[in-house]
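Participant: I need the structure of the sequence given here:
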Amino acid sequence: MQNFAPIFRGKTLLIVGTGGPIKRFILQKLHKLGLALVIVNGEKNWAAPYAADWILGDMSQHDRRVAQVEAYCKTNKIDGIYNFWENDVVLTSKIAEKMKLIGFSVLVAKIARNKFEFRTFCQKHGIASPKYLKLTSQKDLEQAIHELSFPVVVKPAWGGGSILVVKANTPDELRETYEYVLKTATPELDSQFYDGVDIMVEEYIDGDEVDIDMLVQNGRVKYAVVADNYGTAEPFFLETTHAMPSSLPDDAQQTLIRMASEVLEHLGLQFGTIHFEAKITKSGPVPLECNLRMGADEIYISSKQVYGVDLIESGVAIALGEYIPTRYDLTPKKQVMTEALHTKQSGVLTSIRIDEARLKELPIEQFYFGKEIGESVFVPPDGYDYLGYITVSGDNFSDAQENLKMARKSVEYDVVPFDGGSTLGKTSRATRFASASLRSGAAHSAKIDRIRRMSLKDQRKLHIGVACNSFAGGTGAVEEELASVGQNIQKELQSRSYMTTYIDFNNLSQAIRTLQTRGIDLVFNVCERIHESSLLEPHAAAILDAMKLPYTGSNPLTLGLCIDKIRVKKLLSYHSIPTPKWDYIYELSDEINDDLRFPLIVKPANTDNSIGIDNDSVVENKEQLKQQLERVVVGLGRPALVEEYIAGDEYDVSIIGNTSEDLEVLPLSRTIFSKLPKGYWHIYPFDAKFAENKVYKDNLVIQEPPQKVSRKLLSLISEIALDTYNILDAHDYGRVEIKVDAQGNPFVLELNPNPSINRSDCLPRVFAIQGKQYGDFLEKIIALTINRYKGREPFYHLQTSVL
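Facilitator: Next up is the predicted model:
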């Protein structure tokens, strides 16, 4: 392999367009080779560490950018020009032509970039071409239906890659596809459409698709190799698997190279790195596209590993006028295969699971994952995203194929599809300190606001009953907390001129008499016990419903459902909400799924406040698992929920509201466990919540709001929490607990539809971040409750809501 570093050092190279971050490796390489990179681009971006200087401006305004470069060159020397981004091929040619730099002419660039002109060019020079037509009107469309043989392929003439390239099998499909491409081919979808939005249609070419990658200098082909493209996913022709060297017979490969060379000769192309796409059919080779830049990223690594040719270094050497030798000795060193990572449906990326240990055992040449958790992914017809790619090598085709299969199993991800009932991808948060709310039209929101504004003066005329619990005799930390929350709510509301009545549901008969006789308008329901049992918590809400008394918080169904962690798990799994892998038992004779990986955490399946959970609840082997199952099932008399332990931070997601107009995700609360001493699992046991355990008190780090966390992750956590809140049909307020693993994957642990809302508790604390007081929080809950009941049938809230 030729060493270009001494030649490049000290030279200045003009880069036209950076493309996306997936192209980072190109600029990194050029920077390391000692080249000073002057970048022409729309804005400064991820490429800043590699740029010696910038020439900035709208890349669709070619004349202005050419003038800028011309002005720059009056005081700065440019030694060459290089482009690797399809969208900027024509601009590159204009700059090269104006500044007399090595490159290709504007005429050649426009022929190569425009698929219709390229077909016309091939036909003019006797190069194989399917029948084709330009589509500019319905008349052209009907002409195509009558003159072309189906299936056909519709393409934007100025398109790049496979964007909006669609196969149509029937006339009706052609009509639909034309309308789709016509409507979608805009610069908003992709900047390549600044060059034009012409549409063409051609007969489908049946054959094996290949790439031909070439280096041309002084009109001579210095390097040309064929690679296979397997199984482009029709009807949108998404690339799937790439293999170099090609498995086609040598004579077929040489036929393809001769055809591509003939096209370049007719074009009069003298210099450049070329990525040629073609099909080999029963009748011979047929060109698809001639791209005047290096192929996609897998092309670079494949060429380098298989044939020892560095397309970046060689391409830049050509641009700088440095001689490169012709490669005659093209004996492949290995087989390289690449698979593009796609998803079957548009949605939000909710998890990534990478088995790094397995990947290290495989001959991975390159692995790129370009999406982060929480990002939207759009696949045709919604968009043309792909998640990344993985490239492996092997001694031969079969070896590489098996390695690719193993590597692909090591990379798993989940994309939750968009749907009308989901909030994934729909929240916005101005800052990490602000509430996240569902995006909706401003005019509609204003109308809703007017409807729901009850004057505070009128609201404060309500007689509020506070449903809560008192405990006689000696009490523990939980009981003290449950007793104080009702007392503090009553005291705060009284300070704001509300008439209040305290209702103790541990004295049920007295509670019912109070509700019947005291003229209460609305009940603030923070009751968590009846007869001192948490299992009866939902019945307090049921009693209020039976007495036709409106109340804050969730209905009896939701309260009862969320006590039963097993049923919640089933429901979340059904709705594709990410949650730790799990199983459960009711009896010790029940079996636990062997697929669960240690460590595991064993929880009582129907207790609250972390009762029954301590540091020993996390188990590392079957013997410990057996002990904990006995402790829960026999000792506590409860069914046991068994989950895979998630090491990482825990997020409390506090939500208020009921509908798309008033739902808010308050600033998040993050607990970091990393300072806990060795031997302490990263969980919230009972001791951390209610006992004065110094280990937890001194070492748990709570951030409100979270610090140094990406907005994408915070949005994803918020959106998953909102979906959980809505699926489980919570009302007015609630708190979703989510664990995030080391790779940034969020997992829902549970929803608490009746979380403690004492002064120092999570919900009021994060509400206060926005500059509000405890009383403001309580009045907000009352207002939300009034709106929920307003204009509804008496028991409307007992029906499952659909967002």
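
Participant: Help me confirm that Val221 is found in a helix?
Facilitator: No - counting by DSSP: H, G, I helix; E, B strand; the rest coil, Val221 is not part of a helix but strand.

Participant: Quick check, pLDDT for it.
Facilitator: At Val221, the pLDDT value in this model is 97.

Participant: got it, and Pro130?
Facilitator: At Pro130, the model reports a pLDDT of 95.

Participant: Could you verify that it is part of a helix?
Facilitator: No - secondary structure of Pro130 (three-state DSSP): coil, not part of a helix.

Participant: Skipping its backbone neighbours, what lies nearest it in space?
Facilitator: Glu203 (4.2 Å; Cβ to Cβ, 6 or more residues apart in numbering). Backbone N, C-alpha and C define where each C-beta goes, glycine included.

Participant: just Val634 next, same as before
Facilitator: Spatially, and ignoring its direct neighbours in sequence, Val634 is nearest to Leu588 (7.1 Å; Cβ to Cβ, 6+ apart).

Participant: just Cys73 next, same as before
Facilitator: Leaving out its chain neighbours, Cys73 is closest to Met99 (Cβ to Cβ, 6+ apart), at 6.1 Å.

Participant: which residues sit in contact with that neighbour?
Facilitator: Residues near Met99 by Cβ atoms under 8 Å, 6 or more residues apart in numbering: Val69, Glu70, Cys73, Ile78, Ile81.

Participant: okay, and the helix or strand of this protein with the least pLDDT?
Facilitator: In the chain, no helix or strand scores lower on mean pLDDT, DSSP states H and E than helix 442-452, which sits at a mean of 33.

Participant: circling back: of the contacts of Met99, which is the nearest to Ile543?
Facilitator: Nearest to Ile543, judged by Cβ to Cβ, of the contacts of Met99 is Val69 at 78.0 Å.

Participant: For this structure, identify the residue most remote from the centre.
Facilitator: Thr517 (54.8 Å; Cα atoms, centre = their mean).

Participant: All the helices of the stretch 451-600 of the chain, in order from the start?
Facilitator: Using DSSP state H, counting those that start in this stretch, the helices of the stretch 451-600 of the chain run over 456-459, 477-495, 508-517, 537-546, 556-563, 565-574.

Participant: Leaving out sequence neighbours, find the closest residue to the residue most central in space within the chain.
Facilitator: With distances taken as Cα atoms, centre = their mean, the chain has Glu375 as the residue nearest its mean C-alpha position (2.6 Å). Take Glu375 and drop its neighbours on the chain: the residue closest to it by Cβ to Cβ, 6+ apart is Leu349, 5.3 Å away.

Participant: Please apply the same query to Val748.
Facilitator: Thr579 (4.8 Å).

Participant: I'd say that neighbour and Asn745 touch.
Facilitator: No - using Cβ atoms under 8 Å, Thr579 is not in contact with Asn745, being 11.0 Å away.

Participant: Flag the shaky bits of the stretch 401-550 of the chain, pLDDT-wise.
Facilitator: Along the stretch 401-550 of the chain, segments meeting pLDDT under 70 span 418-457, 472-475.

Participant: can we see that at 80?
Facilitator: By pLDDT under 80, the weakly predicted segments of the stretch 401-550 of the chain are 417-458, 471-482, 532, 534.

Participant: does Glu737 count as helix, strand or coil?
Facilitator: Classification of Glu737 by three-state DSSP places it in strand.
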